[in-house]
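Peer 1: Here is the input, now give the coordinates:
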Amino acid sequence: MKVEVLNTRDKRIISDVAALVRKLNREVRPGPGTVNVVLVDDLRMRELNRRFLKRNRPTDVLAFPLAGQTPGRGSPLLGEVYLSRDRAREQANRYGVKYRNEVRRLVLHGILHLLGMKHARMERLCERFLGEAE
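Peer 2: Residues are numbered from 1 along each chain as shown. Down below sits the predicted model:
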C-alpha cells in the first residue's frame, strides 16, 4: 500500500505517515493500492460529515473506501482519510500528547477502517503501532 499526504507542507507529518504505512505494509500486509490522507480544517470536516453522515458537526477523522477505482495509471485508490487539523490540535491538548502523535493516531484509525477492521482489533494495533513511537 502507498500513501499520499495532501494539503500539508509539514515534512514531519508526511514522514510520520509514510513510516506508519511502511510498518502497516510489513505487519498487516494490506496489499496494493493507494490511500490519500487529506488534512482539512473543522469547517471542511463539518461539511463532509454533514454531507456523507448527516451529522452537522466537525469530527476528527473520516474514512471513505474507494476500492476498485483506478484513476489514470498506477495502483488502485483504496480510499481517502480526511483528518481535521483543528480536532487533532484540540485532542492533543486534551490528552496531553504531541500534535504529531495525535495526527498519527487519527491517520492509523482511518486507514484501519479503510482496511475493514473493527474497533476491537484496531485498538490492539493502535497500541502496538503508536506505543513504540512515543
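Peer 1: Find the helix or strand that the spatially most central residue of the chain is a member of.
Peer 2: By C-alpha atoms, centre = their mean, the chain has its centre lying nearest to residue 107, at 2.3 Å. Assessed by DSSP states H and E, residue 107 sits inside helix 99-114.
Peer 1: where does the helix or strand just after that helix sit relative to the chain's centre, distance-wise?
Peer 2: Going down the chain from helix 99-114, the next helix or strand is helix 119-131, by DSSP H and E. Here helix 119-131 shows a centroid-to-chain-centroid distance of 14 Å under the convention C-alpha atoms, centre = their mean, to the nearest Å.
Peer 1: Can you give me the buried ones in helix 119-131?
Peer 2: 122, 125, 126, 129, 130 (16 or more other C-beta atoms under 10 Å). Every C-beta, even on glycine, is put in place using the N, C-alpha and C of the backbone.
Peer 1: Would you enumerate the residues in contact with the last one?
Peer 2: If a contact means C-beta atoms under 8 Å, 6 or more residues apart in numbering, then residue 130 has 101, 104, 105, 108 as its contacts.
Peer 1: what's the answer for the first one, then?
Peer 2: Remark: with contacts taken as C-beta under 8 Å, 6+ apart, residue 122 is in contact with 109, 112, 113.
Peer 1: Noted, bye for now.
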